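Colleague: Below are the sequence and a predicted model; questions follow.
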Amino acid sequence: MMTLLLHTGLVLVSLLLTVQSAHVLYLMLYTWDQPDAEAKAKAPEEFVAPRLSFSVLLPARHEEDVIQTTIDRVVRADYPAELLEVFVICSADDTGTIGKAEEKIAALGREGLHNVEVVVFDDKPINKPHGLNAALPHASHDVVTIFDAEDDIHPAIFDLVNTVMIEDEVNVVQAGVQLMNYQSTWYSALNVLEYFFWFKSRLHYHALEGSIPLGGNTVFFKRELLVRLGGWDEHNLTEDADLGLRVSAAGERVRVVYDDRYVTKEETPPTLGQFIRQRTRWSQGFMQTLSKGTWKQMPTRKQRWLAFYVLAFPHGQALLGLYLLVSLGMILFLRVPVLVALVSWLPVLMLLAHFVTQAVGLYEFTDAHGLKATPKAVLRMAVAWYPYQLILAYAALRAMRRQLTGRTNWEKTQHVGAHRDKASEANSHAA
Amino acid sequence: MPREMRRRATGPGVTRPQLVVVHDGVRTPAGQAPAPTERSPRPVVPLGGVPRLGQRGRIALGAAVLTGLVTHGWHLFQYPLYLTDEGIYMQRAWSLVRQTRLSPYTYDYDHAPGGWIQLAGFAFPLPNQFETFGNAVNTGRFLMLLVHLVSVALLFEIVRRLTGSVLAASVAAFFYNVSPLAVYYQRQVLLDNLMMFWVLLSLYLLLGRDMRIRHALGAGTALGIALITKENALFFVPTLVYLLHRRVKGSTQRRFTRSLWPFATAIPVGAYLLYAVLKNELVPTGLDFDLNNPPADHVSLLYTLWWQLNRSQGSLLSSGSFLYSSWIPRDGLFLLLGLLAMLAALYWGFRDRERNLGFLVVGTMAVAYAFYLIRGSVLLDFYIAPMVVLFAMSIGMVTDRLLGRLSSRLRIAVPAMAGALLLFVPVTDYLLTVNDEGRVAVADQYHPKLNLTRMQEQQVAWIRGNVPADARIIMDDDLWSELHDVPPFYPFAHSHWNAAADPDVRDKLFAKKWRNIDYIVMSNKMRQSMESNNGDGREDWILTALKNAKKVWETGQGDINLQIYRVG
């Protein structure tokens, strides 16, 4: 009886995992599989004349090294200066970044550019959504957008969004963000590909179905919409995803543009510790958003289900990590009937399919950005692949633990200081 | 995205490599310039999309399927005689359903199990399972009919997409439906028929209007299933790989399709191999592949494969082979036309690979399988079945090309005339035949009075009326399911193949002693089979029993003879 239960359980879990990973695979390949999705996802080939004005929010904390370059890039984008305003957002204790920003503002002023301001807030919590909310009342232009301090934005991004918002009549645009340094650490290629598949393929599906967790930067909102929705949730670790679901719940159509030419370039976290903390924050943020229940307010069942599915993914990932370990043990130590063994092999096949897809993705990614993938890089990915899954599962478990013990603080602010020098170096390198 | 691709993707004319029918001199896809040649006044399909089926095409397709329903469905359960191999596959499907095993006897990987897994999957949900259509073989034959009907539609669409011509598709479907070779073998429960269905499906999925990743995944999976239905599908792999390559060349998703197609193919094949691994039956003990010394302790997939590759039974072209004794008498004309068409397809295909992709695909598939038949390994009568499909396609395509210059009225009239001749000239055996008395009669496969399987039913009836259920019986596999699935069961009835080879039957039940046999139920030509299977004397004890047996029942018709003997 016991063994029968065990076998049934094994078969059920295997089938569930197979279906789930087949679905993820479908989403990863969505853009490539649709005959015209690729064309739809791209940027328009011709831009209309600049008409919309943009308020750019630049939340920064301890970004002394890169903030000047970032400001420079934004104000010198190919867009009329009178249609751009920039807010560098800092907490009052971050005098270093404030100093650097003001230095830059003075320099720009000497050139006759007066559209950059520093917004300082001195109340708690010190985190990104709070900073954004503090700056929102200062913004006066049509469209509000966010860039992170280390972002390497494309000069034509405002032209692009101006065109898309006008031509497609949408109030929200998510443009592509892409990690670039696929060769710098053992996990960076896999991390880069996650972004690649997420922005290039999967988000389009979410946008189409009207249930989309937005990204944290290079995302554009009509200001009135943002004000109407009440800005960002300051107690959420993934305020961006939460806002995306609220936008979807409000029935707003979101346009996703991923065009290899116009992506905002970023870097993978430079150390494994930072990577795990970042991932923990995301996982925990999703868990928070899930329990907060915004997804329940979506109009249709399909939207609700999709939102639930995305938000519950970290839970699944934690379980999957455990399953990976257990299944390994079972393959080695447990003798099960041949049919059960064959079925429990299915998830492994799906994992293989994911790997094949990612290996192909590496070539797609490098091709798109004028880089060169080598068989060696694929081999590195193959070796890193299983540990990477375990790391993701570990981060998800860690998030689960933090969530259960009620620790919901922003880990970045707490720990990043120790790695700041290194991180900034990498970032300035990118910028 | 590389600049080149972007340019092509946004350029005029072509967005992705779609099947585009090129009417000579009218329109050519960007980038390729197939200059109109005098030799091909008909539309040629390079890579690309096909015109929609249309009213005329739908009628032709409907007619083709309907014809198949009549030629294959009419008299399905009466002709031909139940064959040993049909019995074996049904017996194994039975074992899956009743015993959750791949065979009631030791499964020694002689065939991959995909075919009878499908048969079992078909029979299991039926109201009376294996007896839904009378007996197990009939039930299997009904599935063959369904498979044939779907295959006709697939074949029709494949040929139409490769040529852009409804005429080519109709001619191909005509032969596939009506040739006596086709009718004879496609009615039988054969792995080859199932395999060809999956191969056709795989081919069809590679010829869609737009080639998406899901199509490649589907095509790969279908090929994988074909491979584990019968390993011979291997001969089609090179062509399919090439076709895939041609279909996705230059498209944005080409890398994904190219890598996920083989992955999908590997899934069913991998499951089969994994099954052997889990049973510890992949390799023989000690990796001993010595053919003179078969492994004694357990069966092995790779050993069986190696053994099969090294079997030889003389050449197809030597006299007395099935080619002369069975295939040519059934439909020599079709074989000749098919051979010529295949050669023409190969010639045109290789001469201009870009423009004549369809000829190349069909020609190479046909020649690969012909190579397999000619190469001189073990051949069975029904191995011709896949060839029928490929020859039919070749003939259809070549006919269309040859008739291309004629006026549209003649293009219909000539093949219609030829078809009518084939159907109504008695020597062809298509619809009519000249019987032994020299009279014109309906051909055997449709003759309402020729009920061959009734003899086998009578044989079973006699057994049920006269033989006790605990009798130890040597028989053939054709009636095996009948005696094991319909009460009263005859649990000790085994085929001479198993009685001569399987230790469980030979040693434990019969102890290899002829006196332990109570009855011998002879199928048609079973005596020859026993003798040809007796190279090492394994059937000696059964033949001795036969010498010491008394004939208690007999029936016959033409050259078919069935008997039952009581031993001792």
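Modeller: Looks like it arrived, so ask away. Numbers count the residues shown, from 1 in each chain, chains lettered A, B, ... in the order given.
Colleague: CA only for contacts and neighbour counts going forward, please
Modeller: Fine.
Colleague: can you list contacts of the helix or strand hosting A:Gln317?
Modeller: Per DSSP states H and E, A:Gln317 falls inside helix A:313-333. Helix A:313-333 is contacted from outside by A:Ser283, A:Phe286, A:Met287, A:Gln389, A:Leu390, A:Leu392, A:Ala393, A:Tyr394, A:Ala395, A:Ala396, A:Leu397, A:Met400, using C-alpha atoms under 8 Å, 6 or more residues apart in numbering or on different chains.
Colleague: contacting residues around the spatially closest residue to the third one that is not a sequence neighbour?
Modeller: It stands for A:Met287. Closest residue to A:Met287 apart from its sequence neighbours, by C-alpha to C-alpha, 6 or more residues apart in numbering or on different chains: A:Leu311 at 6.4 Å. Remark: with contacts taken as C-alpha under 8 Å, 6+ apart, A:Leu311 is in contact with A:Phe286, A:Met287, A:Thr289, A:Leu290.
Colleague: Show me just the buried residues among these.
Modeller: The neighbour count (16 or more other C-alpha atoms under 10 Å in any protein chain shown) marks A:Phe286, A:Met287, A:Thr289, A:Leu290 as buried among those.
Colleague: Quick one: those residues as a markdown table, columns for secondary structure and pLDDT too.
Modeller: Rendered in a markdown table, the data for the buried ones among the contacts of A:Leu311 read as follows (DSSP: H, G, I helix; E, B strand; the rest coil; pLDDT from 0 to 100):
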| residue | secondary structure | pLDDT |
| --- | --- | --- |
| A:Phe286 | helix | 90 |
| A:Met287 | helix | 88 |
| A:Thr289 | helix | 88 |
| A:Leu290 | helix | 88 |
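Colleague: And for the residue of the stretch 401-550 of chain B found nearest chain A, the neighbour number?
Modeller: Nearest to chain A in the stretch 401-550 of chain B, going by C-alpha to the nearest C-alpha, is B:Asp504, at a distance of 22.4 Å. Neighbourhood size, B:Asp504 [other C-alpha atoms under 10 Å in any protein chain shown]: 14.
Colleague: same thing with B:Leu53?
Modeller: 17.
Colleague: Now it, what are its backbone angles?
Modeller: phi -60, psi -50 (degrees, to the nearest 10).
Colleague: residue contacts, the closest residue to B:Ala499 other than its chain neighbours?
Modeller: Closest residue to B:Ala499 apart from its sequence neighbours, by C-alpha to C-alpha, 6+ apart: B:Arg506 at 4.7 Å. Residues counted as contacts of B:Arg506 (C-alpha under 8 Å, 6+ apart) are B:Asn498, B:Ala499, B:Ala500, B:Lys512.
Colleague: before we move on, what SS does B:Arg506 have?
Modeller: helix (DSSP: H, G, I helix; E, B strand; the rest coil).
Colleague: before we move on, what about A:Val118?
Modeller: A:Val118 is classified as strand under three-state DSSP.
Colleague: Now do the contacts for it.
Modeller: Taking C-alpha under 8 Å, 6+ apart, we find A:Val118 in contact with A:Phe87, A:Val88, A:Ile89, A:Cys90, A:Ile98, A:Ala101, A:Glu102.
Colleague: how about the buried ones among the contacts of A:Leu311 in TSV, adding distance to A:Tyr323?
Modeller: Compiled in TSV, these are given as follows (distance: C-alpha to C-alpha, whole Å):
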residue	distance to A:Tyr323
A:Phe286	21
A:Met287	20
A:Thr289	25
A:Leu290	23
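Colleague: which among those gets closest to chain B?
Modeller: For the buried ones among the contacts of A:Leu311, the nearest to chain B is A:Phe286 (30.2 Å; C-alpha to the nearest C-alpha).
Colleague: thinking again about what came up before, in helices only, show me the contacts of A:Val118.
Modeller: Secondary structure from DSSP state H places A:Ile98, A:Ala101, A:Glu102 of these in helices.
Colleague: Quick check: chain neighbours aside, which residue is closest to the last one?
Modeller: Spatial nearest neighbour of A:Glu102, chain neighbours left out: A:Val118 (7.3 Å); criterion: C-alpha to C-alpha, 6+ apart.
Colleague: Could you tell me the per-residue confidence at the one you found?
Modeller: With respect to pLDDT, A:Val118 scores 92.
Colleague: bridging residues for it?
Modeller: A:Val88 (DSSP bridges).
Colleague: Just the C-alphas of the helix holding A:Gln317, formatted as CSV.
Modeller: C-alpha atoms of helix A:313-333 as CSV (Å, rounded to 0.1, in the frame of the first residue of the first chain):
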residue,chain,number,x,y,z
PHE,A,313,6.7,30.2,-9.6
PRO,A,314,9.3,30.8,-6.8
HIS,A,315,7.4,28.4,-4.6
GLY,A,316,7.5,25.9,-7.4
GLN,A,317,11.1,26.6,-7.9
ALA,A,318,11.9,25.9,-4.3
LEU,A,319,10.0,22.6,-4.6
LEU,A,320,11.7,21.7,-7.8
GLY,A,321,15.0,22.2,-6.2
LEU,A,322,14.1,19.7,-3.5
TYR,A,323,12.7,17.4,-6.1
LEU,A,324,15.9,17.5,-8.1
LEU,A,325,17.8,16.3,-5.1
VAL,A,326,15.2,13.7,-4.1
SER,A,327,14.9,12.3,-7.7
LEU,A,328,18.6,11.9,-7.9
GLY,A,329,18.5,9.9,-4.8
MET,A,330,15.6,7.8,-6.0
ILE,A,331,17.2,7.1,-9.4
LEU,A,332,20.2,5.8,-7.5
PHE,A,333,18.7,4.0,-4.6
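Colleague: contacting residues around B:Phe175?
Modeller: Contacts for B:Phe175 (C-alpha under 8 Å, 6+ apart) come out as B:Ala182, B:Phe334, B:Ala392.
Colleague: one more time with 7 Å, if that's ok
Modeller: By C-alpha atoms under 7 Å, 6 or more residues apart in numbering or on different chains, B:Phe175 lies in contact with B:Ala392.
Colleague: got a winner among the ones in helices among the contacts of A:Val118 for most neighbours?
Modeller: Using other C-alpha under 10 Å as the neighbour test, the ones in helices among the contacts of A:Val118 are led by A:Ala101, with 27 neighbours.
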